[in-house]
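*Asks:* give me the fold of what follows.
(3 chains)
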Amino acid sequence: MNKLNELQQDILTEAFNLGMGSAAASLSEIVRSEISLSVPNLTFIDKQTAAKRLSQNTESELSGVSESFTGPFCGKALLLFPAEQSLALVRLMLQDSVPLESLTEFEEEALNEIGNIILNAGLGSLADMFGSRIETEIPTYTHGSTTEIFDAQSSANDLHDVVLFLQVDFSIKESDIHGFVVYLLDVDSMKDLTNLLDVYLSKIS
Amino acid sequence: MKQHSSINNIEILDSIIDQTVHGLIVLDTELKIQYWNQWMESKSGIYSYEVINQTIDHVFANSNLIRIKGALKKAIDKGQSASLSQSFSDFKLRLYNNKQKTLEIIPQIAISPLKDSSKLCLMQITDVSAAVTRERLLKSIANEAHLGKEAAENLSQLKSSFVATVSHELRTPLTSIIGSLGLLKGGVVGEHNDAQSNLLNIAYRNSELLLSLINSILDLEKIESGTIEFNFKNISINDLLEQATSGIAGYGEQVGINFRLTLLQDNLMVYGDYHKLLQVLNNLLSNAAKFSQKGQTVKLYAKPEKHFVRIIVEDKGQGIPEAFKSTIYDKFTQLESQDNRNANGTGLGLAIAKLIVDKHNGKIDFESIIGKGTTFYVDIPIASEINIKKIQNNNKMP
Amino acid sequence: MPNTTVLVVDDSKVSRMMITAIIKDQRSNWTIIEAGCGDDAIEASKDKAIDLCIIDYNMPGMDGLELATKLKESFPYTPMSLLTANVQESTKEKAEAIGIRFTRKPITDERVTSILDLVG
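*Replies:* As a prediction, this is how the structure comes out:
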């Protein structure tokens, strides 16, 4: 159900991998140990399918970060993890093993910063590629079931039913953690994005 | 452009910003300060006129500004916002004023580009020093609690293996003693006179009692710590009752007590561990016999209820005094029976029985009147899907 | 004398397009062999004379360093460069350890040219 053709998908994947490369470098510097990030796959899918991929059971808890962005295309960017994975990631990065079953307030802030770095890197990479400016707002921590999160993010009908969905694999200190980045795009934005991709393709071929 | 309010008056807007309980700083492309709100002034003792057009390095000298400056540049050049948590670098902002007073705060910082502006960005500072201290305390308490829990679990493990080892070490020689005494007692290695017989009997009886005590202690420990295996399956009540009766028959003859069994008219199935339930019934029946007079009858029967089966052991013996009613299931509580028949008891039987019944999600209770008799009830849930699930959940290892 | 042959390995078709476009522009008479993954690269380079390798690091299956190590067995004197988005020190060090260059993405004319210059 992917609405991108092969080449368009290829460019986006490369752009995000590039972004993840620099995000990983920033994160490594912060925690002073090796981190690698990769984007194994990327698709444009409808919200329901995205919700299913985020969790087997749409009612199970997710933790993450959301930030709004504006530019040649607009919407909301989300970085989401199943709740236990977010705990594992933050505590690995803080090198802090705390026997509490939910994130403390400052761990939420730490996750916020991690998400901010990753989401900004992805969008920054697209912005560089298209030669445009994509502005992002201050990220906020978000938590809940997939349904709750999606509903909270899409007020009224200004968000399209189609999302850009990426899996992001973190590899840190011999642990592997998987998160997901979801771009909820405004109604016209998908068209704007695919246009930009086609313009870029014609420039390089 | 978003219109948040109807207020256009600059004075009012200025006043709103000045009453904000966070630091607000605006910087330009050269990272020079163009706005320094009242919170910043009060916290630092530095007035805005002193810092306008100064670079951020100049104002926050001696603070590690690398991450902050990186984020500020990104905001101005690319329009990206950033949230800098204090978790990743313990940076503190040091503020100076003319009087050389220094203040260190642990800040949470949000940086964003100002829209519709000529490349300015906003830095918001929240003082989270108190909250950080609280959180560190919370974490250390949680850690201690966790360590305490681990220590308790280790202790419990140690206790279990200690009991198991000791029981084994005690049992082995004891078994030899019992064996030897048995042979002697039975005249296998030679005749003995009455006085010798008497002594041998005493020795043998007490050794058996000791062995029984060790076994009970081990049993109890295993059940309590959950290391004993329960073998649950569908069991027929009538089957159980018959087996219990035939098992106690020998003892009944020995002490001159009759056991009368009434089977259920419509047999019922329960979900349980056959041998353990037998153990419970055996204990109740032998207790009933011990506290009855010679020639009396102990009744064993069952009553079907809505969701469970009630097994009843009824005697017409001496009864249980009030004082014992609350401690009867405790370990080592022992009543004295009228003709001292309970001298051979371990005092652990009811404690074990209660544990077993609890594992079955059942109930054990009794009614007793001194001089009239005692009736013990054991309620066991009927084998149905819900009850089976409950028992399985109950018995999951911690 | 056969044309200089370059092996370009990257799982992204677009990246291969960009790299080959730059090579054609700068060295129009060179032969280019493309591969989308390590196994294809090894297959495509069998019994050929390869003068230069440009290898992406992040690929499914064999990663760029593993591939470079294998290729070095058949082509011990051929200059090679990683071309990658993965900018960590550790990757750079590993590349140096096996004697190959390390070049960052994004793919630009200058960066690709600097790799081509390894051959001349």
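*Asks:* where does the chain dip in pLDDT?
*Replies:* Just going to use chain A. A:1-2, A:56-59, A:154-160 (pLDDT under 70).
*Asks:* meant chain B actually
*Replies:* B:1-4, B:62, B:89-91, B:95-102, B:117, B:338-346, B:395-398.
*Asks:* around chain C, pick out the residues from chain A.
*Replies:* Within chain A, the positions near chain C by CB under 8 Å from any CB of the partner chain are A:6-7, A:10-11, A:13-14, A:17-18, A:20-22, A:24-25, A:28, A:34-36, A:38, A:40, A:128-129, A:201, A:204-205. C-beta here means a position set from N, CA and C on the backbone, and glycine is covered the same way.
*Asks:* hmm, try it at 7 Å
*Replies:* A:7, A:10-11, A:13-14, A:17-18, A:21-22, A:24-25, A:28, A:34, A:36, A:38, A:204-205 (CB under 7 Å from any CB of the partner chain).
*Asks:* give me the buried subset of those residues.
*Replies:* Among those, those classed as buried by 16 or more other CB atoms under 10 Å in any protein chain shown are A:7, A:10-11, A:13-14, A:17-18, A:21-22, A:24-25, A:28, A:34, A:36, A:38.
*Asks:* tell me which residues in stretch B:215-225 are buried?
*Replies:* In stretch B:215-225, counting by 16+ other CB under 10 Å, buried: B:216-225.
*Asks:* got the CA positions of stretch C:68-76 in CSV?
*Replies:* Extracted in CSV, the C-alpha atoms of stretch C:68-76 (Å, rounded to 0.1, in the frame of the first residue of the first chain):
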residue,chain,number,x,y,z
ALA,C,68,36.1,-4.5,1.4
THR,C,69,38.0,-7.1,3.4
LYS,C,70,36.8,-9.9,1.0
LEU,C,71,37.5,-7.8,-2.1
LYS,C,72,41.0,-7.2,-0.8
GLU,C,73,41.7,-10.9,-1.1
SER,C,74,41.2,-10.8,-4.8
PHE,C,75,42.4,-7.3,-5.4
PRO,C,76,45.1,-6.6,-2.8
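*Asks:* all helices for the chain, in order.
*Replies:* Looking at chain A here, since you left the chain open. Here chain A has its helices, by DSSP state H, at A:6-31, A:47-54, A:83-94, A:105-130, A:146-153, A:189-204.
*Asks:* actually chain C
*Replies:* C:13-26, C:38-45, C:64-74, C:89-97, C:109-116.
*Asks:* need the ones you listed in TSV (columns: mean neighbour count and mean pLDDT).
*Replies:* Shown next, in TSV, are the helices of chain C (neighbours: other CB atoms under 10 Å in any protein chain shown; pLDDT from 0 to 100):
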stretch	mean neighbour count	mean pLDDT
helix C:13-26	19	92
helix C:38-45	18	94
helix C:64-74	18	93
helix C:89-97	15	88
helix C:109-116	16	93
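*Asks:* and of these, who's closest to chain B?
*Replies:* helix C:89-97 (17.6 Å; CB to the nearest CB).
*Asks:* could you tell me the angle between the closest one and helix C:64-74?
*Replies:* On the basis of axes from the mean of the first three to the mean of the last three CA atoms, to 10 degrees, helix C:89-97 is oriented at 0 degrees to helix C:64-74.
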